Each structure stands twice: as structure tokens, then as C-alpha cells.
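Asker: Predicted structure and sequence below. I'll ask about it afterward.
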Amino acid sequence: MVTAGQPQLLLGDLLERARREIPAAGADELEAQRVRLLGRKGELSALLRGMGALPAGERPAAGAAVNAARDEIEALLTARREAILREARAAELGGAPIDVTLPGRRIAARGRRHPVSEAQDDLVEILARMGYEVAEGPEIELDYYNFEALNMPPDHPARDMQDTFYVRPPAGARTAGPILLRTHTSPVQIRTMLARPPPVRICSPGKVYRRDDDPTHSPMFHQIEVLCVDRDITFGHLAGTLDAFVRGFFGEDFRVRLRPSYFPFVEPGAEVDVTCTFCLGKGCRTCKGSGFVEVLGAGLVHPRVLRAVGYDPEEVSGFAFGCGIDRLAMLRSGIDDLRLFFENDLRFLEQA
Ligand code: DAH
């Protein structure tokens, strides 16, 4: 312990020890030295405090000596710290070489895209290659866009095909008619055509809602809507596009089959089947022996729909189709219960 009394003498000892020990210290010891010598409760501070006992005339010289000692100790510490770093670096360079071509360590639990997102991204990419851009619309939608402009006026029986969640607007809110959770992505057709003149080539993936809940239906699911409007668009363009769409998604060996059907917003309308993914067309229980499963609805845009958005059906024509993304993902990965997609059980998601 350093005590007041003979500060100059003590300072000499202290410096001498520092000069001897610091240049030999290892990294940990160096820090201990710094604390012991220069720290707030260290030896130099103690000496400074002790100087209060000196005659006033001696204090300035003693203070200067302590400051000089501090500078020297700091320089010793810095020099030693740098020397340690240099030695470590030299040891590293001189040691066994690092093989930079060795593969890194894998991170065990990595996330991955959800199978439905994966299917959606694949579909958008297939369509993008054919010149379609993505258009989006709101999930809380006006009755007008979801039904009326799509040729389904208020009492149209086709509204029953889609059990609807209606939304009660906040008290006092003024809305342009009833509000609902969109039952399909088709309203994006209307919004897009109202916003720009033809030609139009868009696809619109997103969430839709229906009052349904069983192994193959969920109250929320995903659809993608495709719309193409231009001069002289024919049913042949629709068939060719469907073919490319289905083969792009399932594989080149898959075929489409069109059956006449009815949707209010198209004329003629069709239901589209694809080679059964379970039996690859041979016929099985899933496809009831037909070799095909239904995947989507399609048709030529109804002239009333074109008129509703201010397009002239004498000038332009178009086709549209819409399908459930979850259903396509189920078929592609051979899953028979849609709810698996939404339970988020990692054991399932990691396999799907
Ligand atoms: N919106 C229809 C549905 O959800 C699917 C559909 C059928 C979309 C025919 C279309 C179409 O664009 O032309 O059931």
C-alpha cells in the first residue's frame, strides 16, 4: 500500500516496477496492471491524495512528477498492448493455414416459404413470363365490385354460390353500398379496368373469404385472378394460356380439359380440369375414375362487364380465369386436408 510521507520515493519505486512488469505482462495481466496503477482507487491516485500533506512549496513539483509518471505508464501500457496484438497476429499467420474452401456450419432450424406462398409465387412467375403484371385490390370490398359490376345484381341467384361475410360499417360511416369480405379476386378485374384503358394483362393473387369450413374449404383461402383484354381476344387465346399455366405449374405432362359452365361475369364460361395429380390420368378414387380433377373457372369476359367499366365490347374482348391457390398447392403436393396449411404445424410445413 502506498502511503503519504515520502511521495517522491514511492513514485520512483512505482515507476521502476511498472517499467519491469508491464513489458512482460500478458493481456489479462496488462488490464490488471492498468487498474492497479491508474485506476480511480489505484496507486497513482493514492499518491496524489497523499500530496495534500506536503508543504505547499513542494506540491507543484510533486504534482508534475506524478503527471509525468502517469504519461509514462500510459505509454508503457499502450506499447505493450500493441505488442501483444502484433504477437497474436504473427502467431495466427504462422500457424496452421485456414481452409477457406471448407463448407460453413449449417444453421439447423431455418425458416422456409409456406407451401401456399410458394405456389402463389410460382403462378405469378409463370404469368409474368407471359407478360402479366400483378394488380392488387382490397380484401374488404364494396358489394359493387365483388358482385354488381361482375353482372351479379342484388337478387342474382349466383350470389348464393359464394356464402358471404358482410361487414357492418362503423356507425355513421357513409359507404357506397354494402361492404363485405371479398369472396373472390374477380373484383380486381373491375378495379383495374376502371383505372386504365385497354389493353390489360393482369394477374391478382390474394386472400378471399367465404362462410365455409370443412376438410377442403377454409373460411379464408387464396385465389389468383387472371385477366386479358385487347382487340380480337378469342377463346383460343384462353385455352392456350390455360395450357401454359397448368403445365408451368404441374409439369409438361399435364393436360387441361374444358367443360362448359356458368359464371355470370363470362360468356361463354367453362370449368377447367387438369390431369389428376394422384393417378396421373389413369383414374382413381380422387378423380372418380375420370383421370381429371377440377381446378378453375374461366371464360370470355361478359360484354356487360366490359360495359360496366366503360370499355366497348365492339372494340375489345377478353378472357378471365380464377382459381384457388391452396387447392393447386394441395394437388401438387398430394395433400387432402386444406386445414393442414393453416394449422402451421412445423412437422407438416417442413415436409410439404
Ligand atoms: N371468381 C370465380 C370463383 O371464385 C372463379 C372464376 C370463374 C373467375 C370464372 C373467373 C372466371 O375469372 O372467368 O368461383
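Answerer: Cool, got the structure. Residues are numbered from 1 along each chain as shown.

Asker: Run through the residues that contact the one residue sitting closest to the centre of the chain.
Answerer: Nearest to the mean C-alpha position of the chain, by CA atoms, centre = their mean, lies Arg113 at 8.3 Å. By CB atoms under 8 Å, 6 or more residues apart in numbering, the contact set of Arg113 is Asp121. Placement of C-beta: from N, CA and C, glycine included.

Asker: Ala173 and Glu125, how far apart?
Answerer: 39 Å (CB to CB, to the nearest Å).

Asker: So which of those two has more stuff around it?
Answerer: Remark: of Ala173 and Glu125, Glu125 carries more neighbours, 11 against 8, as counted by other CB atoms under 10 Å.

Asker: tell me which strands and helices the helix or strand hosting the more buried one is in contact with?
Answerer: According to DSSP states H and E, Glu125 maps onto helix 115-129. Using 3 or more CB pairs under 8 Å, 6 or more residues apart in numbering; DSSP states H and E, the elements in contact with helix 115-129 are strand 200-209, strand 220-230, helix 235-250, helix 325-333.

Asker: That helix and the ligand, any residue contact?
Answerer: No - under the criterion of CB under 6 Å from any ligand atom, the ligand is not reached by helix 115-129; the shortest gap measures 13.3 Å.

Asker: distance between that helix and the chain's centre?
Answerer: Chain-centre distance of helix 115-129: 15 Å, with CA atoms, centre = their mean, to the nearest Å.

Asker: Render the CA-only coordinates of it in CSV, please.
Answerer: Extracted in CSV, the C-alpha atoms of helix 115-129 (Å, rounded to 0.1, in the frame of the first residue of the first chain):
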residue,chain,number,x,y,z
PRO,A,115,-46.3,-24.1,-49.5
VAL,A,116,-49.1,-21.7,-50.3
SER,A,117,-46.8,-18.7,-50.8
GLU,A,118,-44.5,-21.0,-52.8
ALA,A,119,-47.4,-21.9,-55.1
GLN,A,120,-48.5,-18.3,-55.4
ASP,A,121,-45.0,-17.1,-56.3
ASP,A,122,-44.7,-19.9,-58.9
LEU,A,123,-48.0,-18.9,-60.5
VAL,A,124,-47.2,-15.2,-60.6
GLU,A,125,-43.8,-16.1,-62.2
ILE,A,126,-45.4,-18.3,-64.9
LEU,A,127,-47.9,-15.4,-65.7
ALA,A,128,-45.1,-12.8,-65.6
ARG,A,129,-43.3,-14.7,-68.3
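
Asker: report the longest helix in the protein, please.
Answerer: Ranked by number of residues, the top helix in the chain under DSSP state H is helix 59-94.

Asker: closest one to the ligand among the helices and strands packed on helix 115-129?
Answerer: Comparing those against the ligand with CB to the nearest ligand atom, the closest turns out to be strand 220-230 (5.6 Å).

Asker: Alpha carbons of the closest one, in PDB - could you do that?
Answerer: The C-alpha trace of strand 220-230 is given here as PDB (Å, rounded to 0.1, in the frame of the first residue of the first chain):
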ATOM      1  CA  MET A 220     -60.100 -17.800 -45.700                       C
ATOM      2  CA  PHE A 221     -58.200 -19.100 -48.700                       C
ATOM      3  CA  HIS A 222     -56.200 -17.800 -51.600                       C
ATOM      4  CA  GLN A 223     -57.100 -17.200 -55.200                       C
ATOM      5  CA  ILE A 224     -55.400 -15.800 -58.300                       C
ATOM      6  CA  GLU A 225     -57.400 -14.000 -60.900                       C
ATOM      7  CA  VAL A 226     -56.100 -13.600 -64.500                       C
ATOM      8  CA  LEU A 227     -57.500 -11.000 -66.900                       C
ATOM      9  CA  CYS A 228     -56.500 -10.300 -70.500                       C
ATOM     10  CA  VAL A 229     -58.400  -7.700 -72.600                       C
ATOM     11  CA  ASP A 230     -57.300  -6.500 -76.000                       C
END
